[in-house]
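**Q** Have a look; sequence and predicted model below, questions after that.
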Amino acid sequence: MNVEERKNVMPERLYSLDNNMSLEKIIQAKKTGDFLIAHVLYFDSKHGCLKVNLGNHINGEIPLDEFTIYSTIRTNGNISASVYSLIGQNVCTCVREICDESKIILSRKENMIKAFNLIAQSNDKIFSCLIQNVVPYGLFVDVGHGINGFIHTQNLVLSRIDNPMVVGFKPLDSINAKITSINTEKYQIALNHKCLVDNLANSLNSGDVVPCTTLASNENHGYFVYLNENTPALMDEPNGLNIKYGSRVSAVVKPFRPDHPDRVRLRFLSFIS
């Protein structure tokens, strides 16, 4: 994927409205098939559409059936919470119809299909994603233009964890991840973050002393620490010490099997002043 294509496939919340939007730009976007950024204002239940602002006080609407490629748009006959969660957010859309300046019909669904196909056909499988939701078994992320991706807990960090939140993952954080599988029928993408930092584990040896930054305490296992900017590992909890978040410490690498880099464990050595 070249630089221009990568710019065109980013998480939706990273885009901003065009404050110089005009009807001419909208007409041109319809001709070329380019996407436009729309700010979701509210759901119009009477007309079954989402009202949006394209910038510069130009409004449009997205029919509910054109809002997403995913089947979760309705739950038990009611509009899904995932739709309401995007009210007040920016989304990527294509122009479907221009009746006049007061009525512009848009499709987020059509644009999502284009983005998904671009992602699926790309040779570059590493993407900068935006975390949408954190659950005990992993992270739901926006791979680009609202395309859903999932990173399972076992594919996140070098140590075993019970919940991604204990190592600091939270919504709206960016995370780099590599695509491992794509379901073209359900528009689902599985990703792996841990594989991007496995090379660090391969460079470690038993007995190595490494500097770390403490991240969070795990009541059952010890402390999670950062070996570098984005590589958490697990350090045994030293008896009698209450280590604060963000403390700089040195630790010793405990014996581990090189073929199991997710089992790297550390032993506290000392504080770093």
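**A** Yep, that arrived.
**Q** show me what contacts the closest residue to Leu156 other than its chain neighbours?
**A** Excluding the flanking residues, the one nearest Leu156 by CB to CB, 6 or more residues apart in numbering is His193, at 5.3 Å. All C-beta spots, glycine's among them, are computed from the backbone N, C-alpha and C. Residues near His193 by CB atoms under 8 Å, 6 or more residues apart in numbering: Ile151, Asn155, Leu156, Val157, Ile175, Asn176, Ala177, Lys178.
**Q** Next: Ser250.
**A** Counting by CB under 8 Å, 6+ apart, Ser250 touches Val209, Val210, Pro211, Cys212, Leu269, Ser270, Phe271, Ile272.
**Q** quick one: it and Met112, what's the gap?
**A** 47 Å (CB to CB, to the nearest Å).
**Q** Tell me the pLDDT of Arg6.
**A** Model confidence at Arg6, expressed as pLDDT, equals 69.
**Q** just Leu54 next, same as before
**A** 96.
**Q** Just to be sure, it is in a strand?
**A** Yes. Applying DSSP: H, G, I helix; E, B strand; the rest coil, one finds Leu54 inside a strand.
**Q** What's the local residue count around it?
**A** 24 (other CB atoms under 10 Å).
**Q** Ok, Asp208 next?
**A** Neighbours of Asp208 (other CB under 10 Å): 12.
**Q** Lys31 now?
**A** Lys31 has 9 nearby residues by other CB under 10 Å.
**Q** Let's verify it: helix, strand, or coil?
**A** Following three-state DSSP, we place Lys31 in the helix state.
**Q** tell me the average confidence for the longest helix seen in the chain?
**A** Counting residues, the longest helix found in the chain (DSSP state H) is helix 108-121. When pLDDT is averaged along helix 108-121, the result is 94.
**Q** Buried residues in that helix, which are they?
**A** Arg108, Lys109, Glu110, Asn111, Met112, Ile113, Lys114, Ala115, Phe116, Leu118, Ile119 (16 or more other CB atoms under 10 Å).
**Q** With stretch 10-22 instead?
**A** Neighbour-count burial for stretch 10-22 [16+ other CB under 10 Å]: Met10, Pro11, Glu12, Tyr15, Leu17, Met21.
**Q** re earlier: given the helix or strand that the longest helix of the chain is followed by, what are its sheet partners and their directions?
**A** Tracing the chain C-terminally past helix 108-121 and defining elements by DSSP states H and E, one meets strand 126-135 next. Paired with strand 126-135 in the same sheet, following DSSP bridges, are strand 138-144 (antiparallel), strand 174-183 (antiparallel).
**Q** hang on, the earlier thing: want to throw the buried residues of stretch 10-22 into CSV with distance to Ile189, pLDDT and secondary structure?
**A** Shown next, in CSV, are the buried residues of stretch 10-22 (distance: CB to CB, whole Å; pLDDT from 0 to 100; DSSP: H, G, I helix; E, B strand; the rest coil):
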residue, distance to Ile189, pLDDT, secondary structure
Met10, 15, 92, coil
Pro11, 13, 94, coil
Glu12, 15, 94, helix
Tyr15, 20, 94, coil
Leu17, 27, 96, coil
Met21, 31, 95, coil
